[in-house]
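In: coordinates only, sequence not included:
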């Protein structure tokens, strides 16, 4: 692998390579000494130009458990506030012999732009409303733990499909792995022509959840909504929120994912988020293993 | 993106399915005798098998460790704790040169603290696998001792590594490959290919 920019450009074999590599990485986090020497002497720079706790910490822990040095750059206090361009900043980081750049930005395509300009592997840690590939990989990994294979499984993704990079990456990932994907949300949050991605659009929660094996609830991203796409949070919660009542529409053994951070009582009721079908904390645990696998595979190039 | 190169650390010493090629140097009966003798030697060196545990090196060491474990259980009158250690992430060519073989899950269902650990592999060759395995074991705790048992020692050591228990010494040239493999009927055999 050269870069990890999006799931869209990956083959099924590449996705499965990452997932299988992650299996071995998971065990390392359960040891007393949670560290292997594999990336000794390598440097991973996390360039997070949009706020994040979970993903940034997850990449940092992943790098450190492989013995790499991890350095974090955030927008505040970076030279970007001195009007340096992103590409120049990335070139400077590469000139300090970084081995991997992990990039998050609120603008779609920034990791791709940087990947063309630096000779260092770039990992997309979320670019605007475009893709969040490591989230999709950890979602698939978490589902395979419970379900074995995703082949033929019915997966409902519910929420703001238009603005969700998680939805886009999940759709590519789950369909490539053979699942039947449904998407649901208010019409204002559903992109026109979403069918071309090979998914079935549903305009009610009931229709999406009927007989589903998996429910992926998306966060209502209040910070990304400048105009109101629904009348009120309360109404959204009543029509598209996951509660014990609506969960009962899915298969009895259905499992629930959420990329976090969760808005309790908005898209997901507390008693669902904390109950047996929820794999939300497993997703976070698995995220470290999947990111270790990605860093391991990307640092394999000729030097 | 393209899948990374999958170079084995010791391309001359990996288990594989039989294609019945090459020269068989140890058949199923020979493997049984060799592992029985190794089990007796381990039991003799570690009286009463107190604090003993077997750690197979994934994947070639696993079938060998299973055979030794059966014999040791009979000698000791109880099961000996067994684990399986994948050493991919500790290999010197992975750390230094960046080749990317697929790591396999490690299973260590016991603490090695204060234990007498016997590492088990199918073939010993350059000694680099044993070096990596010792580093990996030490990340799980501080054992009282580490010993090494192999079914076949083919020589050509590149590191100062000593093997404690050997099933059979087989002189080879560097260009040859020594493999432990399962025949279509399920019987194990060691062959030079």
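Out: Sure, I can see it. Everything numeric here is computed off the predicted structure, so don't read it as measured data. Numbering: from 1, shown residues only, chains lettered A, B, ... in the order given.
In: can you show me the helices along the stretch 1-150 of chain A?
Out: Taking DSSP state H, counting those that start in this stretch to define them, one finds helices in the stretch 1-150 of chain A at A:12-28, A:54-65, A:86-95, A:110-117, A:133-147.
In: from the chain's centroid, how far away is stretch A:111-123?
Out: Distance, stretch centre to chain centre, for stretch A:111-123: 19 Å (CA atoms, centre = their mean, to the nearest Å).
In: so of the helices of the stretch 1-150 of chain A, which one's packed in deepest?
Out: helix A:133-147 (a mean of 24; mean count of other CB atoms under 10 Å in any protein chain shown). For the C-beta atoms, the positions are set from N, CA and C on the backbone; glycine is no exception.
In: quick check: next helix or strand after that one?
Out: Using DSSP states H and E, the helix or strand that follows helix A:133-147 towards the C-terminus is strand A:154-158.
In: residue B:183: which of the helices of the stretch 1-150 of chain A is closest?
Out: Shortest distance between residue B:183 and the helices of the stretch 1-150 of chain A, using CB to CB, is found for helix A:12-28: 27.3 Å.
In: can you confirm residue B:33 is in a helix?
Out: Yes - under DSSP: H, G, I helix; E, B strand; the rest coil, residue B:33 falls within a helix.
In: contacting residues for residue 116?
Out: I went with chain A, as the question did not name one. Residue A:116 is in contact with no residue at all, counting by CB atoms under 8 Å, 6 or more residues apart in numbering or on different chains.
In: right idea, wrong chain: chain B
Out: Residue B:116 is in contact with B:46, B:50-53, B:143-145, B:147, counting by CB under 8 Å, 6+ apart.
In: phi, psi for the residue positioned nearest the centre of chain B please.
Out: The residue lying closest to the centre of chain B (CA atoms, centre = their mean) is residue B:121, at 0.8 Å. With angles defined as degrees, to the nearest 10, residue B:121 sits at phi -140, psi 170.
In: about what we covered before: make CSV out of the helices of the stretch 1-150 of chain A and add distance to residue A:35 and mean pLDDT.
Out: Below are these laid out as CSV (distance: least, CB to CB, whole Å; pLDDT from 0 to 100):
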stretch, distance to residue A:35, mean pLDDT
helix A:12-28, 7, 97
helix A:54-65, 5, 97
helix A:86-95, 24, 93
helix A:110-117, 27, 96
helix A:133-147, 20, 98
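In: so how far does stretch A:89-102 reach from one end to the other?
Out: Terminal residues of stretch A:89-102 are spaced 13 Å apart (CA to CA, to the nearest Å).
In: could you measure from residue B:185 over to chain A?
Out: Residue B:185 sits 30 Å away from chain A, going by CB to the nearest CB, to the nearest Å.
In: could the helices of the stretch 1-150 of chain A go into CSV alongside distance to residue A:278?
Out: Formatted as CSV, the helices of the stretch 1-150 of chain A follow (distance: least, CB to CB, whole Å):
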stretch, distance to residue A:278
helix A:12-28, 19
helix A:54-65, 16
helix A:86-95, 37
helix A:110-117, 30
helix A:133-147, 11
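In: and of the contacts of residue B:116, the nearest to residue B:171?
Out: The nearest one, if we look at these relative to residue B:171 and count by CB to CB, is residue B:147, at 23.6 Å.
In: what's the spacing between the closest one and residue B:109?
Out: Noted for residue B:147: a distance of 20 Å to residue B:109, by CB to CB, to the nearest Å.
In: please say which of these two ends up with more neighbours.
Out: Taking neighbours as other CB atoms under 10 Å in any protein chain shown, residue B:147 and residue B:109 compare with residue B:147 leading, 19 against 9.
In: so who does that one touch?
Out: So residue B:147 contacts B:42, B:45-46, B:116-119, B:164-165 (CB under 8 Å, 6+ apart).
In: buried residues in the helix or strand in which it is found?
Out: Assigned by DSSP H and E, residue B:147 falls within strand B:145-153. By 16 or more other CB atoms under 10 Å in any protein chain shown, the buried positions in strand B:145-153 come out as B:146-153.
In: quick check: buried residues in the longest helix along chain A?
Out: Taking DSSP state H as the criterion, chain A has its longest helix at helix A:280-298. Residues A:280, A:282-284, A:286-298 are the ones in helix A:280-298 that count as buried (16+ other CB under 10 Å).
In: again with stretch B:162-172
Out: Quick answer for stretch B:162-172 (16+ other CB under 10 Å): B:163-168, B:170, B:172.
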